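Asks: Mind folding the following:
(chains A and B)
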Protein chains: 2
Amino acid sequence: MNGNAVRVALLGCGTVGTEIVRLLREQAGDLAARAGAPVELVGVAVRRPHKHPELGDLLTTDATALVTRDDVDVVVEVIGGIEPARSLLLEALKAGKSVVTANKALLAEEGAALAEAADASGVDLFYEASVAGAIPLLRPLRESLAGDRITRVAGIVNGTTNFILSAMTESGAGYADALEEATRLGYAEADPSADVDGYDAASKAAILATLAFHTRVTAADVHCEGIRHVTASDIAAARGIGCVIKLLAICERSPATADSPEAVSARVYPAMIPAAHPLATVDGAFNAVFVEAEAAGQLMFYGQGAGGAPTASAVLGDLVAVARNRVHGGRGARESAYASLPVLPLGAVPTRYHVSLEVADRAGVLATIAGEFSTHGVSIAAVRQTGGAADDGGAARLVVVTHAAPEAALAATVQVLAGLDVVLAVDSVLRVEDLGRKGVAP
Amino acid sequence: MNGNAVRVALLGCGTVGTEIVRLLREQAGDLAARAGAPVELVGVAVRRPHKHPELGDLLTTDATALVTRDDVDVVVEVIGGIEPARSLLLEALKAGKSVVTANKALLAEEGAALAEAADASGVDLFYEASVAGAIPLLRPLRESLAGDRITRVAGIVNGTTNFILSAMTESGAGYADALEEATRLGYAEADPSADVDGYDAASKAAILATLAFHTRVTAADVHCEGIRHVTASDIAAARGIGCVIKLLAICERSPATADSPEAVSARVYPAMIPAAHPLATVDGAFNAVFVEAEAAGQLMFYGQGAGGAPTASAVLGDLVAVARNRVHGGRGARESAYASLPVLPLGAVPTRYHVSLEVADRAGVLATIAGEFSTHGVSIAAVRQTGGAADDGGAARLVVVTHAAPEAALAATVQVLAGLDVVLAVDSVLRVEDLGRKGVAP
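Replies: The predicted structure is shown next:
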């Protein structure tokens, strides 16, 4: 063991952990030169040591003992989930170890407790790998844009759902078929709920909003809808108005008004975005995040959002930073929630709706429906009526695209419409996001 | 004056400097919260104080005195050019001031001297704004990817030339007309040489290569060609093979071979890239940089590459980092050139050529020309022959697209072709870059 080395304990050795071990060995010389001292793996906690014979004496099943061992400077966590990761990392931080983690669920729920523990011990807590894999995103938000005011972060942060929606868009397949293909190719897990129901993206949205707005936002603050209900006809409808459907994580700052103070919001849902927007061309399992700041303008970050090697790359970048601070003194930029802005519920956030209705084909129907939007203060951007031939049994299809209005007003409008005699069915309700091109009807 | 404030001297107050002053004032509360102490402007050195009446007592014409003043902690330089910036920043660093600069020309020439001076005093030297304006790029290269091996950085880093080439692509205009439009709209300066001859991009390539490969690369190491000779027919020829022409800055790592050690290279030239590549859709004055690393895979960064507010955003991000280090101790990641890899001359770098020839329309010409490529060890990817009707006076057009071969072999081939009796004219020679899709003929 090297006397002045920075000594690393690894918790978990699955796909990402295995890549971390490989890179620590293969890049040892470069890592030492960049960190200012050798970066040495001194222990790996796993549940089934027999699966990792190549790690020999480094292995232990006692993660609790490992994280407080005297010969450990930094704990790297790639177990995932809330427990035991939470307890282990709090123990490690309390014991003065710096922490690098890829655990988005934990950060989205317990970020405040972890940040406090890191502050109390004066150590680093880094988690670049928790959002958008290898894409450098958290460091730019936290450091590069520290002199600016971020107004929006919106992106594709879940590769599984992006793969499914891309497949549906390309082939016209339905959700079930596209999910089956994603599972077969290894892009979706056997239980895909965390991905397809949006929870994974919601955790990431909480982390992004917290960093972008210096305000504590947890997963519970993030309105979350997944992609299970997106149909082939929704995709076709999007195409019809020059859009594609993407599962977006959106974090926004709302300026103060006469009635309300400055606030922030975070939400995850499938939405129509203009096909010409840079995010629209992000296909397959790739991630991309669009950032808007007052002085910097529009920025985009693109790359691989998951996978063993890309995630390990992000972990090692953090590890070098932590090691350098251990060697040279100092700490990295820490999370701060000094702004403590109110977090808006979805109902108060302005969104736009694309509503597809089956309506009775008779005089006055359009006026009735338009009247309901108007009553709720929702302005209509575009209307298209089709069908209405005798063989449809007197039914017509009405598609309404609104301008931006508070989500609560839009939802209330749709609820009233659904109860009208002239509305035979509300076939789909999807949101439309202009992403910085507000006011432009898609 | 605040006792524990971080005190800033600003050198230069043009477009960028004015924005820096504005943001320092408007964002004072946020900057203080993020840095851990107020960030206070204590002096601004300008040549013509009467142009900045709003700065009052902060103004001075004696920049040399300002940079060593006892009440200055950080010097921010936005003068540009080599002198007096070089002397002023060396003085400042020697006096223990941290430095934030946007000066690409200075860094590309004197980066080593500046880095040494910063190291000698143990202070920070940051320059995110020097490349690609507001796009967080240098910090990701230096820190986020510190645990990875970067193999290529390729991008559009000059907005003026990208505006001109985009205009030529969209309208079919020639170079002169597009330059005139760019000048009229303020995208090109009265003397556009630094932009259109590629010098600005070459400085940025030197900075990027130095950071990416931990190897000192100066502007003199960067092969540099501008866009003056790009014609409307080149643009059309690119379109004919599914490409667009972009001025690229390319920094590459070449793996070790049996004959040669691992090496790096940096070059700037207009090149054809596949229209489906993400860089191809970056239009107008925007910048975008594509990064490939062994573990992270392909990443892209996109945003505004110039302008007062975007550049000021990058400067202030650095300033907050410097201020935080002043408050909490520690230093940011510094530049390192520990790898000291050989820097290849252009002739040794593999590239691909798109050659358009006017040739005599008679038997055996294609065989002769193909033979010359073969003699020089250059493999041909595609050939297209057109024309040859009697009204062309017996001339035909031959377009050859090669596979990758050492630039020197390609250049030698073209030189020989130009001297052949059957070659009436070499109409254009352009490089083709696959950017990570090697082996795929465009």
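
Asks: what about the residue of the stretch 301-442 of chain A found nearest chain B, neighbour count?
Replies: Residue nearest to chain B within the stretch 301-442 of chain A: residue A:330 (1.2 Å; Cβ to the nearest Cβ). (C-beta placed from N, C-alpha, C; glycine too.) Using other Cβ atoms under 10 Å in any protein chain shown, residue A:330 has 16 other residues around it.

Asks: so who does the closest residue to it other than its chain neighbours touch?
Replies: Distances taken as Cβ to Cβ, 6 or more residues apart in numbering or on different chains put residue B:330 closest to residue A:330, at 1.2 Å, once the chain neighbours are dropped. Going by Cβ atoms under 8 Å, 6 or more residues apart in numbering or on different chains, residue B:330 touches A:325, A:328, A:329, A:330, A:331.

Asks: and those, which are buried?
Replies: Those of the contacts of residue B:330 that meet the buried threshold are A:325, A:328, A:330, A:331, by 16 or more other Cβ atoms under 10 Å in any protein chain shown.

Asks: Poorly predicted segments of chain A, please.
Replies: For chain A, the stretches with pLDDT under 70 are A:1-3, A:388-393, A:437-442.

Asks: how's it carved up into domains?
Replies: With domains defined by automatic domain parsing, chain A comprises A:6-133+A:309-328, A:142-304, A:347-432.

Asks: Quick one: closest of those domains to residue B:59.
Replies: Comparison of those against residue B:59 by Cβ to Cβ identifies domain A:142-304 as nearest, at 22.5 Å.

Asks: Looking at the stretch 51-200 of chain A, which residue is nearest chain B?
Replies: residue A:147 (2.2 Å).

Asks: Which stretches in the stretch 51-200 of chain A count as helices?
Replies: For the stretch 51-200 of chain A, the helices defined by DSSP state H, counting those that start in this stretch occupy A:63-67, A:85-94, A:104-121, A:138-139, A:159-171, A:175-184, A:193-196, A:199-213.

Asks: what packs against the fourth one?
Replies: Counting contacts by 3 or more Cβ pairs under 8 Å, 6 or more residues apart in numbering or on different chains; DSSP states H and E, the secondary-structure elements packed against helix A:138-139 are helix A:199-213.

Asks: returning to that earlier point: would you list the phi and psi of the residue nearest to residue A:330?
Replies: Per-residue torsions, residue B:330: phi 90, psi 170 (degrees, to the nearest 10).

Asks: gap between it and residue A:309?
Replies: 30 Å (Cβ to Cβ, to the nearest Å).

Asks: CA atoms only: put stretch A:285-300 into PDB for me.
Replies: Provided in PDB are the C-alpha atoms of stretch A:285-300 (Å, rounded to 0.1, in the frame of the first residue of the first chain):
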ATOM      1  CA  ALA A 285     -30.900   5.200 -25.400                       C
ATOM      2  CA  PHE A 286     -29.200   8.500 -25.600                       C
ATOM      3  CA  ASN A 287     -29.800  11.300 -23.100                       C
ATOM      4  CA  ALA A 288     -29.800  15.100 -23.700                       C
ATOM      5  CA  VAL A 289     -30.500  18.000 -21.500                       C
ATOM      6  CA  PHE A 290     -31.300  21.500 -22.500                       C
ATOM      7  CA  VAL A 291     -30.400  24.300 -20.100                       C
ATOM      8  CA  GLU A 292     -31.400  27.900 -20.300                       C
ATOM      9  CA  ALA A 293     -29.800  30.700 -18.300                       C
ATOM     10  CA  GLU A 294     -30.300  34.400 -18.400                       C
ATOM     11  CA  ALA A 295     -26.800  35.300 -19.600                       C
ATOM     12  CA  ALA A 296     -25.600  32.100 -21.100                       C
ATOM     13  CA  GLY A 297     -28.700  31.600 -23.200                       C
ATOM     14  CA  GLN A 298     -29.500  28.100 -24.500                       C
ATOM     15  CA  LEU A 299     -27.100  25.200 -23.900                       C
ATOM     16  CA  MET A 300     -27.400  21.500 -24.700                       C
END
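
Asks: what distance separates it from the middle of the whole chain?
Replies: Centre-to-centre, stretch A:285-300 and its host chain are 13 Å apart (Cα atoms, centre = their mean, to the nearest Å).

Asks: Is it in proximity to chain B?
Replies: Yes: judged by Cβ under 8 Å from any Cβ of the partner chain, stretch A:285-300 and chain B are in contact via A:293, A:294, A:295, A:296, A:297, A:298, A:299, A:300.

Asks: now those residues as TSV including neighbour count?
Replies: Shown next, in TSV, are the residues of stretch A:285-300 next to chain B (neighbours: other Cβ atoms under 10 Å in any protein chain shown):
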residue	neighbour count
A:293	26
A:294	16
A:295	27
A:296	30
A:297	20
A:298	18
A:299	26
A:300	22
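
Asks: Adding secondary structure, write the residues you listed out as JSON lines.
Replies: Shown next, in JSON lines, are the residues of stretch A:285-300 next to chain B (DSSP: H, G, I helix; E, B strand; the rest coil):
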{"residue": "A:293", "secondary structure": "strand"}
{"residue": "A:294", "secondary structure": "coil"}
{"residue": "A:295", "secondary structure": "coil"}
{"residue": "A:296", "secondary structure": "coil"}
{"residue": "A:297", "secondary structure": "strand"}
{"residue": "A:298", "secondary structure": "strand"}
{"residue": "A:299", "secondary structure": "strand"}
{"residue": "A:300", "secondary structure": "strand"}
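
Asks: Can you show me the strands along the stretch 301-442 of chain A?
Replies: Using DSSP state E, counting those that start in this stretch, the strands assigned to the stretch 301-442 of chain A run over residues A:350-360, A:380-387, A:395-402, A:405-406, A:423-432.

Asks: Kindly reformat these as TSV containing distance to chain B.
Replies: Listed next are the strands of the stretch 301-442 of chain A as TSV, based on distance: least, Cβ to the nearest Cβ, whole Å:
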stretch	distance to chain B
strand A:350-360	24
strand A:380-387	26
strand A:395-402	26
strand A:405-406	28
strand A:423-432	22
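
Asks: May I see those strands arranged in TSV, with mean neighbour count as well?
Replies: Compiled in TSV, those are given as follows (neighbours: other Cβ under 10 Å):
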stretch	mean neighbour count
strand A:350-360	21
strand A:380-387	14
strand A:395-402	20
strand A:405-406	18
strand A:423-432	18
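
Asks: and these as CSV, adding distance to residue A:289?
Replies: Below are these laid out as CSV (distance: least, Cβ to Cβ, whole Å):
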stretch, distance to residue A:289
strand A:350-360, 19
strand A:380-387, 27
strand A:395-402, 26
strand A:405-406, 25
strand A:423-432, 18
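
Asks: That's all I had, so thanks and see you.
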